[in-house]
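Chemist: structure, please.
(one chain, ligands or ions: 2)
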Amino acid sequence: MCFHFLKKFMRSTILSFISIALLSFSIGCKEEKKAKSKIVEASEKVEKPKISVIDTVVVKDKPEDVETPKDMVWVPGGVIVQGAVPQDKAAMGHEKPAHKVAVDGFFMDIAEVTNSEFKKFVDETSYKTVAEREIDWEEMKKQLPEGTPKPHDSVMEPGSLTFKKTKSSVSNLYDFSQWWKWTIGADWKHPNGPGSSIKGKGNYPVVHISFEDAQAYCQWANRRLPTEAEWERAAKGEHLNSTYFWGDEDAQLSKKANTWEGEFPVTNIKTDGYEDRAPVQSYPPNDFGLYDMAGNVWEWTGDWYNTNYYKEMSNTIVKNPQGAVSPYNQRDPYAKEKVMKGGSFLCNASYCASYRISSRMATSLDSSLEHLGFRTVATANMVRDKTK
Ligand SMILES: [Ca+2]
Ligand SMILES: [Ca+2]
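Modeler: Ligands and ions are numbered 1, 2, ... in the order given. Purely as a prediction, here's the structure:
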């Protein structure tokens, strides 16, 4: 196999495997504006959630018999409108239509899970993240068109996706391969690839975490990932009808969140103080005391990503919705993706503005990226069970 062919092959195969929700970038970004009609025409139906009750009686306040776990806060239950608010000009098609959901109160980590916290889990369990394992071709090919040939063994070594600034302006922001690089040796302990480290960065968010890795951590910690509805309820705080957790003013962004400032992906002017990840809690919290619900790193939710889900939800009020029953992305029928929320240090107004509350992206289950982490939640019952 000649080098040129291999290189091309790596791009088409490895990158689509890792899928970065590239789709998501395109869905979440400019291309979406052109593709609204296609989404409306999508033919695949979402199965109706089993719990489609019109029951809006929720657990609002923290039960008195349960102590708030360390480094968590109680997110009060309520009926909220999930999805784009009318004044949000950057809202994408898959954030619409907005629809009411009823969510019971729950506990949530005040911050993204940090390197120190993840290290404790790994030290106790010897867990190996997906990015640290050889690529499983049998799993990989399930997310690729039938007949896709197996890549050379040299590109099946453990690795993850890292971000590299471009040297000059990018005219085609759809082509993510210009700034995302498959990097052998990149993982949570080497977030920028071989030679980088997390030494002295215990209070930074852990990244290069796949969905499976996040779930394994949750199981160890007796927690779970939030649903998308829970995450959005938590992010809103008392700002129930705002674009951002602080209101609708763009001008406050630099003081409120770690995002990309300047021309993406070539110049970062760092008005917010950070070019890539920032230590957790570097910016003010939202109304509920939750930090970095906008920016810093994207956060996994437990919900399947299905491009038709919001449309199916528009005429009912579901209590504690668990997301779509099955994954579906009309742009990539092979993808099995979960929803992630909050945006990251790479989000920019010219591109995704994904630090907005209703913003969402999709990432395939086995993907890991240097801007994707997570935080955990627990119900009152989960905390009770743990303290028994
Ligand atoms: Ca920044
Ligand atoms: Ca975040």
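Chemist: how much space separates the residue nearest to the spatial centre of the chain from Asp292?
Modeler: With distances taken as CA atoms, centre = their mean, the chain has Met340 as the residue nearest its mean C-alpha position (2.4 Å). Separation of Met340 from Asp292 (CB to CB, to the nearest Å): 13 Å. Bear in mind the C-beta positions are built from the backbone N, C-alpha and C, glycine included.
Chemist: where in the protein is the helix or strand with the lowest mean pLDDT?
Modeler: With mean pLDDT, DSSP states H and E as the measure, the helix or strand of the chain carrying the lowest mean pLDDT is helix 3-9 (a mean of 30).
Chemist: in the chain, which strand has the most residues?
Modeler: Ranked by residue count and defined by DSSP state E, the top strand of the chain is strand 298-304.
Chemist: may I have the helix or strand that it is followed by exported as PDB, CA atoms only?
Modeler: Once the chain leaves strand 298-304, the next helix or strand it forms, by DSSP states H and E, is helix 309-312. Taking Å, rounded to 0.1, in the frame of the first residue of the first chain, the C-alpha atoms of helix 309-312 are listed here in PDB:
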ATOM      1  CA  TYR A 309     -35.900  13.500  18.800                       C
ATOM      2  CA  TYR A 310     -36.900  17.100  19.500                       C
ATOM      3  CA  LYS A 311     -39.600  17.000  16.900                       C
ATOM      4  CA  GLU A 312     -41.100  13.900  18.400                       C
END
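Chemist: how about stretch 355-367 against ligand 1, any contact?
Modeler: No: taking CB under 5 Å from the ion as the criterion, stretch 355-367 and ligand 1 are apart, separated by no less than 10.6 Å.
Chemist: just the pLDDT at the one residue in the stretch 1-150 of the chain that gets nearest to ligand 2, thanks.
Modeler: Taking CB to the ion as the measure, the stretch 1-150 of the chain has Glu112 as its residue closest to ligand 2, at 5.4 Å. At Glu112, the model reports a pLDDT of 98.
Chemist: tell me which element it is part of?
Modeler: Short version: Glu112 belongs to no helix or strand, going by DSSP H and E.
Chemist: residues contacting the longest strand of the chain, please?
Modeler: For strand 298-304, the external contacting residues (CB atoms under 8 Å, 6 or more residues apart in numbering) are 112, 209, 211, 214, 224-228, 230-231, 322-328, 336-344, 354, 361, 363, 369, 371-375.
Chemist: if we go to 7 Å?
Modeler: Strand 298-304 is touched from outside by 112, 211, 214, 224-228, 231, 322-324, 326-327, 338-344, 361, 371-375, with contacts defined as CB atoms under 7 Å, 6 or more residues apart in numbering.
Chemist: near ligand 2, which residues of the stretch 251-388 of the chain show up?
Modeler: Within the stretch 251-388 of the chain, the positions adjacent to ligand 2 are Asp292, Asn296, Gly342 by CB under 5 Å from the ion.
Chemist: let's see it at 6 Å
Modeler: The stretch 251-388 of the chain has residues Asp292, Gly295, Asn296, Val297, Glu299, Gly342 near ligand 2, with proximity defined as CB under 6 Å from the ion.
Chemist: which residues does the last one contact?
Modeler: When contacts are counted by CB under 7 Å, 6+ apart, Gly342 touches Met293, Ala294, Gly295, Trp298, Glu299.
Chemist: Pro265 versus that one, what's the distance?
Modeler: 19 Å.
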